[in-house]
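Asker: build the 3D model from these lines:
(one chain, ligands or ions: 2)
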Amino acid sequence: MRVSRMSAPLGAYVDGVELQSVSHAEVEALKALFLDHHVLVFRGQSLTPEDQMAFAEHWGQLMPFPYGALPNYPNIVPLKNRGKAKDVNQHWHSDMTYSPTPPKLTMLYALEAPELGGETAFANQILAYEALSPGMQALAGRLVARHSAKDLARLYGQNPDEASEALHPVVRTHEESGSKALYVCAAFTRNFVDWHRNDSKALLDFLFEHSVRPEFQARHRWQAGDLVMWDNRCLLHYAVHDHGDDPRLLHRLQVEGVVPQ
Ligand SMILES: O=C(O)CCC(=O)C(=O)O
Ligand SMILES: [Fe+2]
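Answerer: Ligands and ions are numbered 1, 2, ... in the order given. A predicted model of the protein is given here:
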C-alpha cells in the first residue's frame with residue numbers, strides 16, 4: 001500500500017490496494033488513514049455494486065438515500081450528468097444533515113468521468129473551526145442549528161412540507177478522533193435554535209463564507225475507476241458542474257453515522 005497526500009488541507013491517494021479483496025490488516029490501516037486525511041482516493045479500481053457495498057460495510061451499515069436509488073440496489077444512487085440545471089449537488093454541504101443521524105461517510109465510484117471539469121470540491125471543517133478566534137469558537141460551541149431538506153425536496157420535485165429536519169450542534173466533536181469541527185452548511189442549515197431566521201442570518205452567512213476559505217479546500221479530478229470516500233463529520237463538499245453535457249456517471253453510497261454531539 002502506497003500513500004501520498006492529495007493536498008495541504010486534506011486527502012490522500014492510496015495505491016496498491018484492490019478494493020474487492022482487501023485484507024483485515026488493510027482495512028485497519030485504511031481506517032486510520034481515513035481519520036487522518038478525511039478523504040481517501042483509490043484509483044484504477046474495477047468494482048461491481050456488490051464490491052462497492054462490501055467494501056463500504058467495513059465502516060458500518062449502509063444507509064439508503066431518500067431520493068433516486070438504483071432499481072435493484074436501494075443503497076446505491078447513480079449520479080448521472082443530466083445537465084447543469086438538474087444537478088442538485090452544486091452547493092456546499094455535508095450529506096443529509098437534515099437527518100437526526102447523518103451518514104458518517106459517503107463513497108463515490110466513477111464509471112465515467114468528463115475529460116475536464118466535473119470535479120468534487122472539499123473543505124476541511126476542523127481547520128475552519130481552528131481558524132476561528134477563541135471568542136467565536138466559544139459562541140459557536142454553545143449554538144444548536146436547525147437543518148432542513150426543504151430546498152432539496154423542491155429540487156427533486158417533492159413536497160417541501162414533508163421534508164426532514166434535524167437539530168445539530170454548530171460545533172461537532174468527531175466521535176472517533178475527538179477533533180472539533182464546524183458543522184453548518186449553506187445548503188441545509190436554516191437558523192440557530194432560539195434565534196429568529198433574521199438574527200441567525202448574519203452569523204450563519206459569516207460561518208458559511210469562513211468555512212470554505214480557499215486554504216481549507218481541495219478538489220478531486222475524476223477518472224473512471226476512481227473510488228473516493230470522505231468523512232461527512234468534518235468536511236463540506238460541492239459538486240462543481242462546469243462540464244456541460246459531458247458524460248459523468250458515479251455510483252454513490254453512504255454509511256450510517258451517529259447522532260452528532
Ligand atoms: O457529484 C459530486 O461530485 C458529489 C455529489 C454529492 O454531493 C454526493 O454524492 O453527496
Ligand atoms: Fe453530497
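Asker: what residues does the stretch 101-250 of the chain have near ligand 1?
Answerer: 106, 108, 120, 237, 239, 250 (Cβ under 6 Å from any ligand atom). Every residue, glycine included, has its C-beta placed from N, CA and C.
Asker: these in strands, which ones?
Answerer: 106, 108, 120, 237, 239, 250 (DSSP state E).
Asker: not counting its neighbours along the chain, what's nearest the first one?
Answerer: So that's residue 106. residue 254 (4.7 Å; Cβ to Cβ, 6 or more residues apart in numbering).
Asker: look up how far ligand 1 lies from the one you found.
Answerer: Separation of residue 254 from ligand 1 (Cβ to the nearest ligand atom, to the nearest Å): 8 Å.
Asker: and if you look at residue 116?
Answerer: Taking Cβ to the nearest ligand atom, one finds residue 116 at 14 Å from ligand 1.
Asker: number of nearby residues for that residue?
Answerer: 11 (other Cβ atoms under 10 Å).
Asker: let me know how buried the closest residue to residue 174 other than its chain neighbours is, in neighbour terms.
Answerer: Leaving aside its chain neighbours, residue 174 sits nearest to residue 233 (5.2 Å; criterion: Cβ to Cβ, 6+ apart). By other Cβ under 10 Å, 25 other residues sit near residue 233.
Asker: okay, and residue 233 sits in which element?
Answerer: For residue 233, there is no helix or strand it lies in under DSSP states H and E.
Asker: is it true that it touches residue 255?
Answerer: No: taking contacts as Cβ atoms under 8 Å, residue 233 lies outside contact range of residue 255: 11.2 Å.
Asker: pretty sure the residue nearest to residue 106 contacts residue 65?
Answerer: Yes: using Cβ under 8 Å, residue 254 is in contact with residue 65, at 6.5 Å.
Asker: which residues are in contact with both of those two?
Answerer: 75, 96 (Cβ atoms under 8 Å, 6 or more residues apart in numbering).
Asker: between the two, which is the more surrounded one?
Answerer: residue 254 (26 against 18).
Asker: for the more buried one, what are its contacts?
Answerer: 62-63, 65, 75, 95-96, 103, 105-107, 232.
Asker: checking residue 96 next. Helix, strand or coil?
Answerer: Put simply, residue 96 is coil when judged by DSSP: H, G, I helix; E, B strand; the rest coil.
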